[in-house]
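Q: I'd like to go over a predicted model; first the sequence, then the structure.
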Amino acid sequence: MNASNEGGTAAQRLTFFPVLFAISLVHLLNDTMQSAIPALFPVLRDSLMLSYGQIGWISFAMNMTASVFQPVVGIYSDIRPRPYILPLGVCFTLVGVVMLAYAPVYSMILLAVMCIGIGSSIFHPESSRVAYLAAGNRRGLAQSIFQVGGNIGASLGPLMTALIFIPLGQQSVVWFALAAVAAIVIQFFVARWYASLNARPVARKTTVQESGKTHLSKPGLSKGKISGAITVLVVLLFSKNVYSISISSFYAFYLIDHFGLGKSSAQWYVFAFLAASAVGTFFGGPIADRYGRKNIIWLSILGAAPFALLMPYANLFWSGILVVLAGLIMSSSFSIIVVYAQELLPGKVGLVSGLFFGLSFGLGGLGSAVLGNFADQWGIVFIMQICSYLPLLGLLTVLLPKDEALRAG
C-alpha cells in the first residue's frame, strides 16, 4: 500500500483500529512512566528537602528536553521516515526510569528526567504520524484514540504516589522498567506495519503566486492566514497546558497546605482531574469530526473558564468538583488542535506533531519552573488564583478560520 496517495484508495480511507489501539497502549505506558516524575514530587520534597522552585526545575528539565528535540524529529521524519526509531525512543525512557529509581542526588534526578524527555521527543512525533496514517477519514477519532492513552497514563501518577511511592519510596520506580520493556515490544510490531507502507503521506497542495515566487499553501487560505491561525493554536495550547501543569504539579500541595489534607488523600483529587481529562480527550476528537473543529475548540477551552475561575475560592468539596469539570472540558481540545494544524499544513505531519507535542511539553516545563518560583515567593494559593484566568485566552478562537476554509479547494 502506498501512503503517498492520500485518500486515493478505499484501503487508505479505512481506519486501522488495531494499529491505533497499539500506539494508544504504548502512549499509556510511556506517559505512565513520565507521570512517575510529578508523582514522586511529594516524596522527593521530603527526602531531599526540595523547594517548590527545585520541583519546578525537575519538570522543566524533562519537558524542555522533549520540547527541543520533538520538532527536529518531526522535520526529519517528514523527509526520511524511520519506523524503527519508535522502539529506540522507549529505550531512552527505560534508561531514565532506572536512573530515577536510584538517583541519590538532585543533579542525578535532573539527568534521569532528561533521558525520559529524549524518549518522549522521539515517541510522540512518529507515533502521531502513525495515528495519521491509520486514521483513514476519521482523523479526529484517530488522534483522540492515540491521545487518550497518554492521558490515562498521566492520570495514574497520583495513584502511584498514594499507593506505591509514599509507602515504598523512590526505588519502587524501577518496577516501571517492565512497562518500558512492554512498550518496546509493542513498538516493534507497530514499526513493522509502518514500514510496510513504504512511503510518507503527502496531502494535496496548490501553488500560489505571491511577489513573483511560487510556494506551497493550503488551498483556500493565504500564507498570512495560515501563520496567524498557527499562532492562535499555539496560544490556545499555552493556556491549556500551563493550566494543566499547575494542577498536576501543584494542586496536591495546594490541598495539603491550604486545606490540611494528607499527602495520599490529596493525590486522589489530582487523579480525578487527570482521569476527567482523559475522558474529555477521548470524546473531543469524534465530536469534532461530527460538529466541526472550531466549534469544539471554542467549547473545550473557553467552556472551562467559569469552573477554573471559581475553583481557587471554593471549599474543599467544591474545589474538587470544579477542577474535575475544568479538566473534562478543557482536555477535549488537544487532539483537535493537532488535527486542525495538520490540515492547515498538509504534508507536514511530522513537523506539526513534533511542533505541537514539543510545545506542549515545553510550555508545560516552562510553566512549571515559573510557577514553582512564584509559589516560593507568593504562596501556592496565589498560583491557583493566577492560573484560573488562563482559559480566558480561549477567546482568541474567534480568529481561527472556519472549518469550511480548511476544506476549500
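A: Arrived safely. Just so it is clear, the model here is predicted, and its values are computed rather than measured. Residues are numbered from 1 along each chain as shown.

Q: how about the helices in the stretch 1-150 of the chain?
A: Along the stretch 1-150 of the chain, the segments classed as helices by DSSP state H, counting those that start in this stretch run 17-47, 52-79, 85-102, 106-134, 139-160.

Q: any chance of TSV for these, columns mean neighbour count?
A: C-betas here are computed from N, CA, C, even on glycine. Formatted as TSV, the helices of the stretch 1-150 of the chain follow (neighbours: other C-beta atoms under 10 Å):
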stretch	mean neighbour count
helix 17-47	22
helix 52-79	23
helix 85-102	21
helix 106-134	24
helix 139-160	25
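
Q: so for residue 268, which of the ones you listed sits nearest?
A: With C-beta to C-beta as the measure, helix 139-160 is the member of the helices of the stretch 1-150 of the chain nearest residue 268 (6.6 Å).

Q: now that closest one against helix 106-134, angle please.
A: 150 degrees (axes from the mean of the first three to the mean of the last three C-alpha atoms, to 10 degrees).

Q: quick check: next helix or strand after the lengthiest helix in the chain?
A: Secondary structure of the chain per DSSP state H: the longest helix is helix 223-259. Later in the chain than helix 223-259, the nearest helix or strand by DSSP states H and E is helix 263-291.

Q: flag every buried residue along the longest helix of the chain.
A: For helix 223-259, burial by neighbour count (16 or more other C-beta atoms under 10 Å) applies to 225-226, 229-230, 232-233, 236-256.

Q: cool, stretch 387-401 as well?
A: 387-388, 390-391, 393-394, 396-397, 400-401.

Q: between the two ends of it, how far is it?
A: The straight-line separation of the ends of stretch 387-401 (C-alpha to C-alpha, to the nearest Å) is 27 Å.

Q: got the contact list for it?
A: With contact meaning C-beta atoms under 8 Å, 6 or more residues apart in numbering, stretch 387-401 is reached by 221, 225, 228-229, 232-233, 235-236, 238-240, 242-243, 246, 294, 297-298, 301-305, 308-312, 326, 330, 340, 371.

Q: just the pLDDT for the residue lying closest to residue 24 once chain neighbours are set aside.
A: Spatial nearest neighbour of residue 24, chain neighbours left out: residue 149 (3.4 Å); criterion: C-beta to C-beta, 6 or more residues apart in numbering. For residue 149, the pLDDT comes out at 84.

Q: contacting residues around residue 149?
A: 23-28, 31.

Q: can I get those residues in TSV with pLDDT and distance to residue 182?
A: Shown next, in TSV, are those (pLDDT from 0 to 100; distance: C-beta to C-beta, whole Å):
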residue	pLDDT	distance to residue 182
23	90	13
24	91	14
25	92	9
26	91	9
27	89	13
28	89	10
31	83	14
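
Q: out of those, who's nearest residue 351?
A: Of all those, residue 23 has the smallest distance to residue 351: 18.9 Å, by C-beta to C-beta.

Q: so what's that closest one up against?
A: The neighbourhood of residue 23, defined by C-beta under 8 Å, 6+ apart, consists of 127, 130-131, 134, 146, 149, 190.
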